[in-house]
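[1] Below is the sequence, then the predicted model.
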Amino acid sequence: MQRPMEGVRVLEVAQFTFVPAAGAVLADWGADVIKIEHAERGDAQRGLVRVLGYEAVSKGSSFFPIMEGPNRGKRSVGLALEKPSARPVLEELIRASDVFLTNFLPAARAKLRIDVEDVRAINPDIIYVRGSGFGVRGDEAGKGGYDSTAFWARGGSAAGVTPTGADRMARMPAGAYGDAMGGMTVAGGIAAALYSRATTSEPSVVDVSLVGVGAWATQFTVNLALMNGGPLPVNTPPRHGAATNPLIGAYRTSDGRWIELAMLQPGRYWAEFCKLAGREELSGDERFDSTEKLMANAAEAAEIVAELIASRPYAEWTEILSRGAGQWAAVQNAWEVGQDSALRANGLIAPVVDADGVDRELVASPVQFDESPVRLTRAPQFAEHTDEVLRSLGLGDDELLALKIDGAAT
């Protein structure tokens, strides 16, 4: 299996999910990612034992999906960067790295002397990567942000999925939703910067903001609003189907599940759908017997489709629709996504052995090389690799002990 990032060393000074997720993707691709965690506190995300109302840790074990997802494949070093005695170690790690990856805010970067100028003074060839909430310029450059604020709320997704007149705003469908997309974006930027350095010998400074990723995700409607010169008019879609197509949209089954239809050519698929549904005569109905009539009478047709879908359970419809050529999808919950046949056939639900030696599974990053699934290794436990990494820098037992006594390393 090709691992295109083998030989690349990434030094990650970051926490939570947004930027660490980029490190996980690079580790999936073969990079050696060294994660610096505070010698006492570690990555703040290790303290999130309950998220969105769910227990985030597997009971009776060390398996911690909220850390495993964005940190698999890395080595963890416990280092208190504010301690003067930790500085020489950090500088050696910077010298040995190709990429410096951080999401620390400007004030923290300045205090710890890990800003671009500080890091480049040690290693002029290093690629410096910043993940931020709201970008590195403007009045909000120093403001912190999470995906719920910068990506979901400010980036347009929340307004886009919250119905007009709703008494509550729609929430992100999963924890770290925008962070995961942002992490992939950062990883892509790093890959481009490594290519640029290889071809020009010039290192880049790479910036990715959550609000930028959010705007990119909603760019279609943002671009329409920019063309329109103001907010888009409220567009309330019909309850069933689309204005000119009954074979688009979500329909509820008899057992309360949903099927999403996306047959963008209604004339092409109408007859097939009617036959699959056991109502072949509808394709010859004078209201629907041509593409033009079907589009003109889409509302009537959509009500019929809704009644048909509502007459049978979810499992039956997934079997029936699988016989046709039209585009559709079952609306799956998190467990069903984890069992999805296409994901599993393509190795996108990947095995990993946790720190207790238990076989687990995680969602793999979606990019594959040479048609080969990624091989995952678990996330590190806190400061698990401090001794290993520091010894590789040439530190002896006495120097390691001194750092630990000083509280500069764990």
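    That came through, no problem.

[2] for the nearest residue to residue 93 once chain neighbours are set aside, helix, strand, or coil?
    The shortest distance from residue 93 to any non-neighbouring residue, by C-beta to C-beta, 6 or more residues apart in numbering, is to residue 11 (5.3 Å). Placement of C-beta: from N, CA and C, glycine included. Here residue 11 is strand, with the state taken from DSSP: H, G, I helix; E, B strand; the rest coil.

[3] can you tell me how far residue 11 sits from residue 276?
    From residue 11 across to residue 276, the span is 56 Å (C-beta to C-beta, to the nearest Å).

[4] the helices in the stretch 101-250 of the chain, which residues?
    106-112, 116-122, 157-161, 177-200, 210-217, 219-228 (DSSP state H, counting those that start in this stretch).

[5] buried sites along the last one?
    Taking 16 or more other C-beta atoms under 10 Å as the basis for neighbour counts, the residues of helix 219-228 that come out buried are residue 222.

[6] just to revisit the earlier point, more neighbours: which of residue 11 and residue 276?
    Legend: neighbour count by other C-beta atoms under 10 Å for residue 11 and residue 276, higher for residue 11 (27 against 18).

[7] That one reaches residue 95, doesn't it?
    No: if you go by C-beta atoms under 8 Å, residue 11 and residue 95 don't touch, sitting 9.9 Å apart.

[8] now the helices for the stretch 251-400 of the chain?
    With DSSP H, counting those that start in this stretch as the criterion, the stretch 251-400 of the chain has helices spanning 266-276, 291-296, 298-310, 314-321, 334-338, 341-345, 386-392, 397-405.

[9] so which of the ones you listed comes closest to residue 241?
    For the helices of the stretch 251-400 of the chain, distance to residue 241 was read as C-beta to C-beta. The smallest value, 3.0 Å, belongs to helix 298-310.

[10] returning to that earlier point: which one of the helices of the stretch 251-400 of the chain lies closest to residue 42?
    Of all the helices of the stretch 251-400 of the chain, helix 386-392 comes closest under C-beta to C-beta, at 11.6 Å.

[11] and the closest one, how far out from the chain's middle?
    31 Å (C-alpha atoms, centre = their mean, to the nearest Å).

[12] Now do that helix: which elements does it pack against?
    If you count contacts as 3 or more C-beta pairs under 8 Å, 6 or more residues apart in numbering; DSSP states H and E, helix 386-392 packs onto strand 75-78, helix 397-405.

[13] Specify the beta-bridge partners of the residue nearest to residue 93.
    residue 34, residue 100 (DSSP bridges).

[14] what about the strands in the stretch 1-150 of the chain?
    Ranges of strands within the stretch 1-150 of the chain are 9-13, 32-37, 50-51, 54-55, 75-78, 99-102, 127-132, based on DSSP state E, counting those that start in this stretch.

[15] mind putting those strands in JSON lines, mean pLDDT and distance to residue 166 included?
    Rendered in JSON lines, the data for the strands of the stretch 1-150 of the chain read as follows (pLDDT from 0 to 100; distance: least, C-beta to C-beta, whole Å):
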{"stretch": "strand 9-13", "mean pLDDT": "98", "distance to residue 166": "39"}
{"stretch": "strand 32-37", "mean pLDDT": "98", "distance to residue 166": "40"}
{"stretch": "strand 50-51", "mean pLDDT": "78", "distance to residue 166": "24"}
{"stretch": "strand 54-55", "mean pLDDT": "78", "distance to residue 166": "24"}
{"stretch": "strand 75-78", "mean pLDDT": "98", "distance to residue 166": "43"}
{"stretch": "strand 99-102", "mean pLDDT": "98", "distance to residue 166": "38"}
{"stretch": "strand 127-132", "mean pLDDT": "98", "distance to residue 166": "30"}
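
[16] how about CSV for these, with distance to residue 24 added?
    Shown next, in CSV, are the strands of the stretch 1-150 of the chain (distance: least, C-beta to C-beta, whole Å):
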stretch, distance to residue 24
strand 9-13, 10
strand 32-37, 8
strand 50-51, 17
strand 54-55, 21
strand 75-78, 12
strand 99-102, 11
strand 127-132, 13
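
[17] on that earlier part again, gap between the residue nearest to residue 93 and residue 181?
    23 Å.

[18] Ok, residue 65 next?
    Distance from residue 65 to residue 181, by C-beta to C-beta: 18 Å.

[19] Find the centremost residue of this protein, please.
    residue 180 (1.9 Å; C-alpha atoms, centre = their mean).

[20] and it, what does it touch?
    17, 21, 69, 70 (C-beta atoms under 8 Å, 6 or more residues apart in numbering).

[21] try residue 347
    Contacts of residue 347 by C-beta under 8 Å, 6+ apart are 364, 368, 372, 373, 374.

[22] buried sites along stretch 121-131?
    Buried-residue list, stretch 121-131, by 16+ other C-beta under 10 Å: 122, 123, 126, 127, 128, 129, 130, 131.

[23] do the same with stretch 136-147
    140, 145, 146, 147.

[24] What of stretch 346-363?
    Those buried within stretch 346-363 under the rule 16+ other C-beta under 10 Å are 348, 349, 350, 352, 354, 360, 362.

[25] Give the burial count for the residue lying closest to the fifth one once chain neighbours are set aside, as a bare number.
    In space, and not counting its chain neighbours, residue 354 is closest to residue 63: 4.5 Å by C-beta to C-beta, 6+ apart. When counting by other C-beta under 10 Å, one arrives at 18 neighbours for residue 63.

[26] likewise residue 169?
    Neighbours around residue 169, by other C-beta under 10 Å: 11.

[27] nearest spatial neighbour of it, skipping sequence neighbours?
    residue 162 is the one closest to residue 169 (C-beta to C-beta, 6+ apart), at 5.0 Å.

[28] Out of the helices of the stretch 251-400 of the chain, which gets nearest to residue 214?
    The nearest among the helices of the stretch 251-400 of the chain, by C-beta to C-beta, is helix 334-338 at 22.3 Å.

[29] Show residues contacting that closest one.
    Under C-beta under 8 Å, 6+ apart, the answer for helix 334-338 is 174, 330, 343, 349, 361, 363.
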